[in-house]
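Engineer: Provided below are the primary sequence and the corresponding predicted coordinates.
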Amino acid sequence: MEDQQTLSFLQKRYGHIERRLRILQTGVVLGLGLLLVFVWTALHARPASADDSGQVLRLRGLIIEDAQGRPRILIGAPVPKVAGRKRQDDTNGLILVGENGADRVALGVPTPSPQVKGQVVKRISPGAGLVIDDPNGNERGGMGVLDSGRGVLCLDYPDPIAREAVCLAVVPEAGFAGVAVNAPSGDNGERAEMAVLKDGTSILKLADTNGEERTMLVVHDESPAQFLILDPKANTKLDVLSKINP
């Protein structure tokens, strides 16, 4: 009965993760759709200075303003620098700006560096991707492929927590592909992980509030599966499946 309850909990937990990732994927699709709409509009505007014979419009940048004259959409290579945007860093792509001048969505190469608690910090590697920010411009989620080879799709907790909440990652240098769920507090924030490792191991694990692993479901190559119950204080490990099928 306890094994069934544990499996039911794991299914519900990762079903919740899948729903959050689908929400972010929807945002990615909408962002790409907006970019295509704006590019199509620009190409078909055909101002007097455009080449009517070839129907080609060449621009370095495009600024779209709202009814109050505030810059709200910036497109360019790099995006135009305007006084109405709080950040002035360069990227080649599309920036959606909030009413207060903070970046809300960025689609570009390189992806703008993340803003965390009001401060812009450097990424571990440049790359291409989509970033979604809160009303103050602090990063809340995004999808990207870094030049280092790493690919990520993440959702973050809001300020003042400002840490990754759910992250789907492919890390070639570590031979890792999987999803991690982090707690909103504590020094050891990772509470759940599902991954495939380069040594042929598939693993699902849950940790306690101290970050100590308490339950693990492990399959290595073609070996029998293991359902481990761990007690970090007693330094013990029990394989439940070996008790059921000795």
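Structural biologist: Good, I have the coordinates.

Engineer: what's the spatially most central residue of the chain in contact with, if anything?
Structural biologist: When Cα atoms, centre = their mean is applied to the chain, the residue found nearest the centroid is residue 154 (2.3 Å). Taking Cβ atoms under 8 Å, 6 or more residues apart in numbering as the definition of contact, the neighbours of residue 154 are 141, 142, 143, 164, 165, 166, 167, 168, 169. Any C-beta I mention is one placed from the backbone N, CA and C, and that applies to glycine too.

Engineer: how much space separates the first one from residue 204?
Structural biologist: Using Cβ to Cβ, to the nearest Å, residue 141 is found at 24 Å from residue 204.

Engineer: who has more neighbours, those two?
Structural biologist: residue 141 (23 against 17; other Cβ atoms under 10 Å).

Engineer: okay, the helix or strand hosting the more buried one in PDB with CA atoms only?
Structural biologist: Taking DSSP states H and E as the definition, one finds residue 141 inside strand 139-146. What follows is strand 139-146, C-alpha atoms only, in PDB (Å, rounded to 0.1, in the frame of the first residue of the first chain):
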ATOM      1  CA  GLU A 139      13.800  36.900 -15.000                       C
ATOM      2  CA  ARG A 140      11.000  34.400 -14.300                       C
ATOM      3  CA  GLY A 141      11.600  31.800 -17.000                       C
ATOM      4  CA  GLY A 142      12.900  31.000 -20.400                       C
ATOM      5  CA  MET A 143      14.200  28.600 -23.000                       C
ATOM      6  CA  GLY A 144      17.700  28.700 -24.500                       C
ATOM      7  CA  VAL A 145      20.500  26.900 -26.100                       C
ATOM      8  CA  LEU A 146      23.900  28.000 -24.900                       C
END
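
Engineer: what's it packed up against?
Structural biologist: If you count contacts as 3 or more Cβ pairs under 8 Å, 6 or more residues apart in numbering; DSSP states H and E, strand 139-146 packs onto helix 2-45, strand 127-133, strand 151-156.

Engineer: if you count neighbours, what's buried in it?
Structural biologist: Residues of strand 139-146 classed as buried by neighbour count (16 or more other Cβ atoms under 10 Å): 139, 140, 141, 142, 143, 144, 145, 146.

Engineer: likewise for stretch 163-182?
Structural biologist: Taking 16+ other Cβ under 10 Å as the basis for neighbour counts, the residues of stretch 163-182 that come out buried are 164-169, 171, 176-182.
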